[in-house]
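Chemist: Okay, predicted coordinates and the sequence, questions at the end:
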Amino acid sequence: MAESVEQWWARRSWSKGVDVPYAVGQYRSEWERYPVLIRQYHPDLNHGLVLSQVPPAAEVYLVWECDAGHRFVATPAEQRSRPGGSRRRSTWCPDCAVLATGRRVSLPQPDAGSYVCGHPRDPRRIESEPGDDRCYLCRRLDTARLTREELVTMAAPRSRAAVSNETGTTTRHSWQCDRGHPSYEATVERILSGRRCPVCRHASAGADAVPVGEAFVSRWAPAAASAAEPELRRRLAEALDVELGMNAVRVARPLFSHLEVWPDIIVPELRVAIEYDTTGRDGLEHVGRREGTDRKKDRLLRAAGWEVVRVRCGKLQPIGPFDVTAAGVSAALVERIVDRLGDIRGELIVGAYRR
């Protein structure tokens with residue numbers, strides 16, 4: 001159970017039998033990759049302790065202050081896991097995160113009554129058959145020759161909730177496709193109108209055409225996040241006679257809603273993916289829960305017969321056996337990457353591709 005910083009420090013001092021159980025700088029390397037948290041932490045708010053004296057896994061309540069002046073209490077684990085999928089610096093502060101989230105304003109809709117079947121009328125929908133007493137949903141159910149109850153039985157078994165998120169008259173069900181992809185939520189109306197599993201929908205546009213473990217060119221792959229990635233690709237092309245035009249690798253299990261992953265650089269001849277990681281301008285990239293996504297991505301690649309070399313810049317620590325640390329793209333970095341390729345696939349094989 002987490003405790004106040006004063007109680008925690010006193011308890012650790014007593015258990016270790018010393019006045020200073022953790023020396024200044026003892027955990028500096030663990031905190032260096034979180035520049036936002038370093039800026040939010042103030043020793044004068046935390047019993048005079050500096051951040052490098054606090055173990056990242058300690059169950060202790062610390063006081064933090066964001067750039068906007070908000071003060072809040074959180075454990076080290078809570079702070080390190082905050083960024084999630086957001087790219088806003090305000091994500092590190094609960095108060096700023098609430099203020100930065102836009103609130104949806106729902107305009108009142110006139111009460112249009114109900115159909116004979118009992119389903120509510122939607123004043124925003126133009127009825128295609130004004131003389132038909134059945135509602136739009138009932139007509140679609142008749143077309144599909146399914147009752148609403150029969151359709152609901154198709155919801156994903158043992159999902160988070162067979163019926164969830166009640167909002168007025170709208171009920172969202174959790175569904176699962178025939179291929180067993182993770183369940184997704186949609187209303188009965190969306191299913192009837194053609195809503196299908198997003199993993200299947202994305203895979204049909206590319207990933208389904210190649211076997212697991214093959215590299216290919218995907219329409220879904222994002223553009224390079226920085227100028228460093230194209231520069232590193234150019235230098236690698238000068239050092240190795242390999243094909244660097246692919247941008248995706250087919251994997252067996254989905255990452256979010258895709259059966260493919262998009263490494264920064266792909267070397268299909270060696271079945272090695274190269275990633276260039278930095279914390280970004282606001283210190284949010286590749287830290288916290290995003291590091292968990294990187295690890296999952298690496299596991300999917302390794303399960304497909306690939307290996308990963310991550311270039312970890314700044315204060316990011318290696319997370320894989322073949323990762324390298326660097327300050328930027330240089331000739332020395334390229335040589336270190338080539339050496340790592342030799343460690344993975346063998347010097348003789350990699351040497352055959354050297355220019």
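Modeler: Looks like it came in fine.
Chemist: what about Glu185, helix or strand, and which?
Modeler: Assigned by DSSP states H and E, Glu185 belongs to strand 184-187.
Chemist: How much space separates Ala10 from Leu51?
Modeler: Remark: distance between Ala10 and Leu51 (Cβ to Cβ, to the nearest Å) = 19 Å. No exception for glycine: its C-beta is placed from N, CA and C like everyone else's.
Chemist: out of these two, which sits in the busier spot?
Modeler: Counted by other Cβ atoms under 10 Å, Ala10 and Leu51 do not tie: Leu51 has more neighbours, with 21 against 14.
Chemist: Grab the nearest non-local neighbour of that one.
Modeler: Tyr41 (4.5 Å; Cβ to Cβ, 6 or more residues apart in numbering).
Chemist: now swap in Arg179 and tell me
Modeler: Nearest non-adjacent residue to Arg179 (Cβ to Cβ, 6+ apart): Cys200, at 6.4 Å.
Chemist: circling back to that earlier point, wait, the residue nearest to Leu51 touches Leu49, no?
Modeler: No: Tyr41 lies out of contact with Leu49 (Cβ atoms under 8 Å); the separation is 9.4 Å.
Chemist: The stretch 201-350 of the chain: strands as residue ranges?
Modeler: 215-216, 248-255, 258-261, 265-267, 272-277, 307-313, 324-326 (DSSP state E, counting those that start in this stretch).
Chemist: ranges for the helices of the protein?
Modeler: 5-16, 28-31, 35-40, 76-80, 94-100, 136-144, 148-152, 188-192, 198-203, 228-239, 289-303, 331-345, 347-351 (DSSP state H).
Chemist: In CSV: those helices, plus distance to Arg281 and mean pLDDT.
Modeler: Shown next, in CSV, are the helices of the chain (distance: least, Cβ to Cβ, whole Å; pLDDT from 0 to 100):
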stretch, distance to Arg281, mean pLDDT
helix 5-16, 31, 94
helix 28-31, 19, 90
helix 35-40, 10, 91
helix 76-80, 19, 92
helix 94-100, 17, 86
helix 136-144, 48, 58
helix 148-152, 47, 60
helix 188-192, 37, 65
helix 198-203, 29, 88
helix 228-239, 13, 95
helix 289-303, 15, 94
helix 331-345, 21, 96
helix 347-351, 35, 95
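Chemist: could the ones you listed go into CSV alongside distance to Ala58?
Modeler: Conversion of the helices of the chain to CSV gives the following (distance: least, Cβ to Cβ, whole Å):
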stretch, distance to Ala58
helix 5-16, 7
helix 28-31, 11
helix 35-40, 14
helix 76-80, 6
helix 94-100, 20
helix 136-144, 54
helix 148-152, 47
helix 188-192, 46
helix 198-203, 39
helix 228-239, 35
helix 289-303, 19
helix 331-345, 34
helix 347-351, 43
